[in-house]
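> Predicted model, plus sequence, below.
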Amino acid sequence: AQTVTQSQPEMSVQEAETVTLSCTYDTSENNYYLFWYKQPPSRQMILVIRQEAYKQQNATENRFSVNFQKAAKSFSLKISDSQLGDTAMYFCAFMKRARDDKIIFGKGTRLHILP
Amino acid sequence: DGGITQSPKYLFRKEGQNVTLSCEQNLNHDAMYWYRQDPGQGLRLIYYSQIVNDFQKGDIAEGYSVSREKKESFPLTVTSAQKNPTAFYLCASGQDRDMNTEAFFGQGTRLTVV
């Protein structure tokens, strides 16, 4: 069974700094997706970034980028020039690329951006 | 606008009563999911469905039931057998026929059992 581990329950950084959230996963699959979701205080889950395992290039979305290390089964999220609106819970998630599979989430990292 | 809608946003029930949470999507997604979120536990999968009239148990299915009679709808019933039902429940949909997938989430339902 696949598992997703986020080793940092909580983090705090100053506004405008760069922060990296860690995520590791365990799978024997070769073809899969990885996601980072953001859950602000409103509790609405928002997709931040998606990585397809067969793509070697790291995904980037504006200030958000990932460091995808397939051999190490590591998928960290880097937030550059952090903003107060980045304060949220961040969840790492995994899904096999198969019609019968489910999305598995880590326990989350609570990120505080300090003014 | 396309999206996924959960209702109600807040729900209160007496202990021992069954309650049904609604989830509707108009994104034409095949897959739908129900997650439970508790503090420090992340999102735990209750049930998921990849196609109409079929669904699978997730990691914490005991005390819950679902149906998938229509592609757009995936209601979750919290039964009296669920020992600790007070939680935040999230519904999601995803995966089109080309398996391009990301999960789109509803706004959640906060269930409180008193």
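Now that the structure is in, tell me what you want to look at.
> And the helix or strand hosting residue B:6, what's buried?
Counting by DSSP states H and E, the element that carries residue B:6 is strand B:4-7. Neighbour-count burial for strand B:4-7, counted by 16 or more other Cβ atoms under 10 Å in any protein chain shown, picks out B:4, B:6. Placement of C-beta: from N, CA and C, glycine included.
> Does it reach chain A?
No. For strand B:4-7, no contact with chain A is found by Cβ under 8 Å from any Cβ of the partner chain; the gap never falls below 10.3 Å.
> now residue B:25: how far from chain A?
Residue B:25 sits 14 Å away from chain A, going by Cβ to the nearest Cβ, to the nearest Å.
> contacting residues for that residue?
B:3-5, B:32, B:72, B:74, B:93, B:104 (Cβ atoms under 8 Å, 6 or more residues apart in numbering or on different chains).
> which bits of chain A sit near chain B?
Within reach of chain B by Cβ under 8 Å from any Cβ, chain A has these residues: A:6, A:9, A:33, A:35, A:37, A:42-45, A:47, A:50, A:91, A:93, A:95, A:97-100, A:102-108.
> quick one: which of the residues you listed sit in strands?
Judged by DSSP state E, the residues of chain A next to chain B include A:33, A:35, A:37, A:47, A:50, A:91, A:93, A:95, A:103-105 as members of strands.
> Quickly name whichever of those residues is closest to chain B.
Set against chain B, the nearest of these by Cβ to the nearest Cβ is residue A:105 (4.1 Å).
> Just give the nearest non-adjacent residue to the closest one, would you?
residue B:43 (4.1 Å; Cβ to Cβ, 6 or more residues apart in numbering or on different chains).
> Please apply the same query to residue B:105.
In space, and not counting its chain neighbours, residue B:105 is closest to residue A:45: 3.8 Å by Cβ to Cβ, 6+ apart.
> how about the residues of chain B near chain A?
Residues of chain B lying near chain A (Cβ under 8 Å from any Cβ): B:30, B:33, B:35, B:40-45, B:48, B:50, B:56, B:58, B:88, B:90, B:92, B:94-95, B:99, B:101-105, B:107-108.
> What is the helix or strand where residue A:65 lies packed up against?
According to DSSP H and E, residue A:65 maps onto strand A:64-69. Applying 3 or more Cβ pairs under 8 Å, 6 or more residues apart in numbering or on different chains; DSSP states H and E, one finds that strand A:64-69 makes contact with strand A:32-39, strand A:46-52, strand A:74-79.
> What are the buried residues along that strand?
For strand A:64-69, burial by neighbour count (16+ other Cβ under 10 Å) applies to A:64-66, A:68.
> Among the residues of chain A next to chain B, name the buried ones.
For these, buried by 16+ other Cβ under 10 Å: A:6, A:33, A:35, A:37, A:43, A:45, A:47, A:50, A:91, A:93, A:95, A:97, A:102-108.
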